[in-house]
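Trainee: just need the structure, nothing else, for what follows:
(2 chains)
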2 protein chains.
Amino acid sequence: MRVALVGLGPIGLDVGRALAARPELRLVAAVDTAPALVGQSLSSHIVEASPELAIEPDLGAALARGADAVALCTSSRLARVAADLEIAIAAGAHVVSTCEQLAAPVADAAIWAQLDERARAAGVTVLGVGVNPGLVMDRLVLQLAGAQVRTTAVRVERVVDAAKRRGPLRKKVGEGLSVAEFRVGAADGRIGHVGLAESAALIARGLGWTVESYDERLEPVVAVDGRCRGIRQQGRAVVAAEDKIVLSLEMYVGAPDPHDRLVLDGDPPLDVRFTGGVQGDRGTVATVLHALLRLGRAPRGLVTVADVFC
Amino acid sequence: MRVALVGLGPIGLDVGRALAARPELRLVAAVDTAPALVGQSLSSHIVEASPELAIEPDLGAALARGADAVALCTSSRLARVAADLEIAIAAGAHVVSTCEQLAAPVADAAIWAQLDERARAAGVTVLGVGVNPGLVMDRLVLQLAGAQVRTTAVRVERVVDAAKRRGPLRKKVGEGLSVAEFRVGAADGRIGHVGLAESAALIARGLGWTVESYDERLEPVVAVDGRCRGIRQQGRAVVAAEDKIVLSLEMYVGAPDPHDRLVLDGDPPLDVRFTGGVQGDRGTVATVLHALLRLGRAPRGLVTVADVFC
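Mentor: So this is what the prediction gives:
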């Protein structure tokens, strides 16, 4: 499978390295619009890449040379990746993306519906993956629910020590900001995690639950010096008049005892703990890799991890 | 979907109760050869069942009245369920079974191959499910491996307090036997858990590993009075000259701290613990239920949980 890599940030480059190590996948293009990168050989960033592969700015031109799939690692926002998705679909290429809002149809429903229609018509799959959303708080929940006769409520908590994560993540949790700066960033969407609503939607759909209301809270974790160390964020979905889905995320510098815990009330009850947690960056790279390898038997259209893996 | 329930032991009856509670599934026959059961109304065992449904001894006759699938909960041994599988396949009915040796093609390869051919020809799915094999030691391992760029070794330990389980399980772990009786039972296959080899095979196939050798050990857990309380059993699969898959099962009366632990070495490493463990009987019922609901999009033939859920 010929893969075009789009977005050469830390995650994109790690995806490229993982792809280069798999004989089933071949990196045939590397696309990034950053002037500092355009024209460089990809092999100067990914030693396993072919020295002839130059970083180029134009996805359409890259795909015109032939590619089966795009690995898209640019933005968390559906509206920001939509143009690239349209180019890929028009070129008949599947897309696997780390875009959080591609995990489930929550934000920008109109964009989602239009892309879905185009992807179906073109016979390609467009799939949002990642660890969160895409795995810990949704896909694993649905996979675990397969061990239950009945699932009555879902609670997931994810605690991440932001000190062990890449720069973009530390920025999005507001590390070093004053509380006032944090509030401004939270209000305009620069601060905070994107994906809890998507995870709640995936869980509800997979379990056949109708969400009556969904509420999300975002608070800073503040150090003694008054500066923010990160976030405490929680999404709650009400189903049948009860908080049936509660997703809690703590992501701050120095968070003790990082872990993921998935509690599924029901018959039988399940209480699952990932010691140390699923490492977000490496796990995300893994989900891109395995999704590419799964494209052959994935349904077409704008689909979710629940459609492909659950 | 019209389902015929075959085998009315404790698990079979619980499967029947779970099916009766799902509007998508309809119990249309109940089959058991035990003279004490034949002729009774199923509703005397499963209150939700239709009072007109009588327990009957002949699967072929039951299926001749029309059924889409069979839920088969009779034996752990492929050779012992093969005749019923042939009848179901000939009647064009899918099969979901708790038969441990149906989890993967390990025992009786010739029977497996022949049933697979017949099931494909008939366009039906035959699928072995359960918690172990079928979930904790294989399916969940493969699902978790989706969060890893590379999986280098797998260790699973399952600790079950047999005091909390049904009679047939307590019998198969040799509870109350002398050590000499245990050894005799272990040698002729009456004592011990069936499924570690199947789980190892599922993991290896799912991860693309070639097993060079597989070794299994079974020891009694002996109380101070010299009587057996249960088993300590371990399967080890050698891949690339290393013990890459180690599956450990402790199942005895009074086992402290029941749990399941799945450790996947690799990138990133994963260490997952199910507090209390996945309850085996209820979990098994759940896997039958969800497999029946999944038949519409399962591949045809004699398939495994890895083919259907991973």
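Trainee: does chain B have contacts with the least confident helix or strand in chain A by mean pLDDT?
Mentor: Taking mean pLDDT, DSSP states H and E as the measure, helix A:167-172 is the helix or strand of chain A with the lowest mean score, a mean of 87. No: figure legend: helix A:167-172 not in contact with chain B (C-beta under 8 Å from any C-beta of the partner chain); closest approach 15.0 Å. Glycine gets a C-beta too; all of them are placed from N, C-alpha and C.
Trainee: what's the helix or strand that that helix is followed by packed up against?
Mentor: Next along the chain after helix A:167-172, taking DSSP states H and E as the criterion, comes helix A:179-187. The contact analysis (3 or more C-beta pairs under 8 Å, 6 or more residues apart in numbering or on different chains; DSSP states H and E) places helix A:179-187 against strand A:213-222, strand A:228-239.
Trainee: can you redo these as CSV with mean neighbour count, mean pLDDT and distance to B:Leu8?
Mentor: Below are the helices and strands packed on helix A:179-187 laid out as CSV (neighbours: other C-beta atoms under 10 Å in any protein chain shown; pLDDT from 0 to 100; distance: least, C-beta to C-beta, whole Å):
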stretch, mean neighbour count, mean pLDDT, distance to B:Leu8
strand A:213-222, 16, 98, 44
strand A:228-239, 22, 98, 35
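Trainee: out of the ones you listed, nearest to chain B?
Mentor: Chain B lies closest, by C-beta to the nearest C-beta, to one member of the helices and strands packed on helix A:179-187: strand A:228-239, at 18.2 Å.
Trainee: just checking: what are the partner strands of that closest one?
Mentor: For strand A:228-239, the paired strands and their directions (DSSP bridges) read strand A:213-222 (antiparallel), strand A:242-252 (antiparallel).
Trainee: neighbours of A:Arg297, just the number please.
Mentor: The tally of other residues near A:Arg297 (other C-beta atoms under 10 Å in any protein chain shown) stands at 9.
Trainee: how far away is it from B:Cys310?
Mentor: Using C-beta to C-beta, to the nearest Å, A:Arg297 is found at 11 Å from B:Cys310.
Trainee: re the thing from before, how about a markdown table for the helices and strands packed on helix A:179-187, with distance to A:Asp68 added?
Mentor: Listed next are these as a markdown table, based on distance: least, C-beta to C-beta, whole Å:
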| stretch | distance to A:Asp68 |
| --- | --- |
| strand A:213-222 | 36 |
| strand A:228-239 | 35 |
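Trainee: what sits closest to A:Arg294 if chain neighbours are left out?
Mentor: Spatial nearest neighbour of A:Arg294, chain neighbours left out: A:Val308 (6.0 Å); criterion: C-beta to C-beta, 6 or more residues apart in numbering or on different chains.
Trainee: which stretches of chain A have low pLDDT?
Mentor: Along chain A, segments meeting pLDDT under 70 are nowhere present.
Trainee: which bits of it sit near chain B?
Mentor: So chain A meets chain B at A:18, A:131, A:135, A:139-140, A:143-144, A:146-149, A:267-276, A:278-279, A:282-283, A:285-287, A:289-290, A:309 (C-beta under 8 Å from any C-beta).
Trainee: restricted to strands, list those residues.
Mentor: The members of the residues of chain A next to chain B that map onto strands under DSSP state E are A:Asp267, A:Leu270, A:Asp271, A:Val272, A:Arg273, A:Phe274, A:Thr275.
Trainee: the third one contacts A:Arg261, correct?
Mentor: Which is A:Asp271. Yes: using C-beta atoms under 8 Å, A:Asp271 is in contact with A:Arg261, at 7.5 Å.
Trainee: coming back round to it: tell me the buried residues in the least confident helix or strand of chain A?
Mentor: For helix A:167-172, burial by neighbour count (16 or more other C-beta atoms under 10 Å in any protein chain shown) applies to A:Leu169, A:Arg170, A:Lys172.
Trainee: of the residues you listed, closest to chain B?
Mentor: Nearest member of the buried residues of helix A:167-172 to chain B, counting by C-beta to the nearest C-beta, is A:Leu169, at 15.0 Å.
Trainee: and that closest one, how far is that from A:Asp58?
Mentor: Counting by C-beta to C-beta, the gap from A:Leu169 to A:Asp58 is 29 Å.
Trainee: enumerate every residue touching the closest residue to A:Arg166 other than its chain neighbours.
Mentor: In space, and not counting its chain neighbours, A:Arg166 is closest to A:Pro10: 4.6 Å by C-beta to C-beta, 6+ apart. Counting by C-beta atoms under 8 Å, 6 or more residues apart in numbering or on different chains, A:Pro10 makes contact with A:Arg166, A:Gly167, A:Pro168, A:Asp281.
Trainee: for chain B, see how far away the spatially closest residue to the second one that is not a sequence neighbour is.
Mentor: Same thing as A:Gly167. Once flanking residues are discounted, A:Gly167 sits nearest to A:Pro10: 7.4 Å by C-beta to C-beta, 6+ apart. According to C-beta to the nearest C-beta, to the nearest Å, A:Pro10 and chain B sit 14 Å apart.
Trainee: and A:Pro10, how far from A:Val288?
Mentor: To A:Val288, A:Pro10 is 13 Å away according to C-beta to C-beta.
Trainee: next: A:Ala240.
Mentor: Taking C-beta to C-beta, one finds A:Ala240 at 36 Å from A:Val288.
Trainee: the more surrounded of the two?
Mentor: Just comparing A:Ala240 and A:Val288: by other C-beta under 10 Å the higher neighbour count belongs to A:Val288, 29 against 9.
Trainee: show me the helices in chain A, by range?
Mentor: Remark: helices assigned in chain A by DSSP state H are A:10-20, A:59-64, A:78-90, A:109-122, A:139-145, A:167-172, A:179-187, A:196-207, A:280-294, A:305-309.
Trainee: ok, residues contacting stretch A:160-171?
Mentor: Under C-beta under 8 Å, 6+ apart, the answer for stretch A:160-171 is A:9-11, A:173, A:175, A:229-230, A:249-256, A:258, A:277, A:279-281.
Trainee: closest one to B:Val31 out of the buried residues of helix A:167-172, please.
Mentor: The shortest approach to B:Val31 among the buried residues of helix A:167-172 belongs to A:Leu169, at 56.7 Å (C-beta to C-beta).
Trainee: quick check: the closest one vs A:Leu5, distance?
Mentor: A:Leu169 sits 20 Å away from A:Leu5, going by C-beta to C-beta.
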